[in-house]
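S.K.: Next come a sequence and a model predicted from it.
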Amino acid sequence: MAWQRSLWLVAAAWWGSLTALGAWVVPLLFAHAPTKAMAGGLAAHLFSAQAWVGLLCGVFCLGAQRQLDQRLGRAHAPRVLILAAMMLSAIVEWGIAPRIVARENLALWHGLGTGFWLLQWACLTVHVWRNCPVMPDSHLPMSTSTPGPQA
């Protein structure tokens, strides 16, 4: 049970950090930094740190999934969504980001970087959703099986 919860928690933290960075932090940087160049430089550093967070979280998730598979006696197959998210993160970090920082065909590379961020976010959203621990109805505060007050 601990491996399953750890897998979900780390994947959820990865998803949350990716969401916060792309949906709130970077847009706020561009809205409030003194110059767009300064905001872009800070965003580049933040996205680079996020890439490393993603790769480390991905390695942990793959290891946790392996342990979980062994404990449950099933064949281990690396999870495609985690591998895809890791691959997208690496491509952005070492393939796309250097071209954005160099301001090389900025519209093209920024568009690709945004698209890859969205794909990584989608992979993690599906992974976290599929692995979310579901509580049985009996643990809900108000079960639908008990009648409510009569009018």
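M.R.: Structure's in. What do you need?
S.K.: could you say what helices and strands the longest helix along the chain packs with?
M.R.: Criterion DSSP state H: the longest helix present in the chain is helix 36-72. In terms of contacts (3 or more CB pairs under 8 Å, 6 or more residues apart in numbering; DSSP states H and E), helix 36-72 is packed against helix 2-20, helix 26-32, helix 80-91, helix 97-101. (C-beta placed from N, C-alpha, C; glycine too.)
S.K.: list the buried ones in it?
M.R.: For helix 36-72, burial by neighbour count (16 or more other CB atoms under 10 Å) applies to 39-40, 43, 47, 50-51, 53-55, 57-58, 60-62, 64-65, 67-69.
S.K.: ok, and which of the helices and strands packed on helix 36-72 has the densest surroundings?
M.R.: Most buried of these, by mean neighbour count (mean count of other CB atoms under 10 Å): helix 80-91, with a mean of 19.
S.K.: Run the angle between that one and helix 36-72 for me.
M.R.: Helix 80-91 runs at 150 degrees relative to helix 36-72, counting by axes from the mean of the first three to the mean of the last three CA atoms, to 10 degrees.
S.K.: Give the rounded mean pLDDT of helix 80-91.
M.R.: The average pLDDT within helix 80-91 is 96.
S.K.: Quick one: list the elements packing against that helix.
M.R.: Judged by 3+ CB pairs under 8 Å, 6+ apart, helix 80-91 is in contact with helix 36-72, helix 106-131.
S.K.: Serialize the ones you listed to TSV and add fields for distance to P98 and mean pLDDT.
M.R.: As requested, these are arranged in TSV below (distance: least, CB to CB, whole Å; pLDDT from 0 to 100):
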stretch	distance to P98	mean pLDDT
helix 36-72	9	93
helix 106-131	9	94
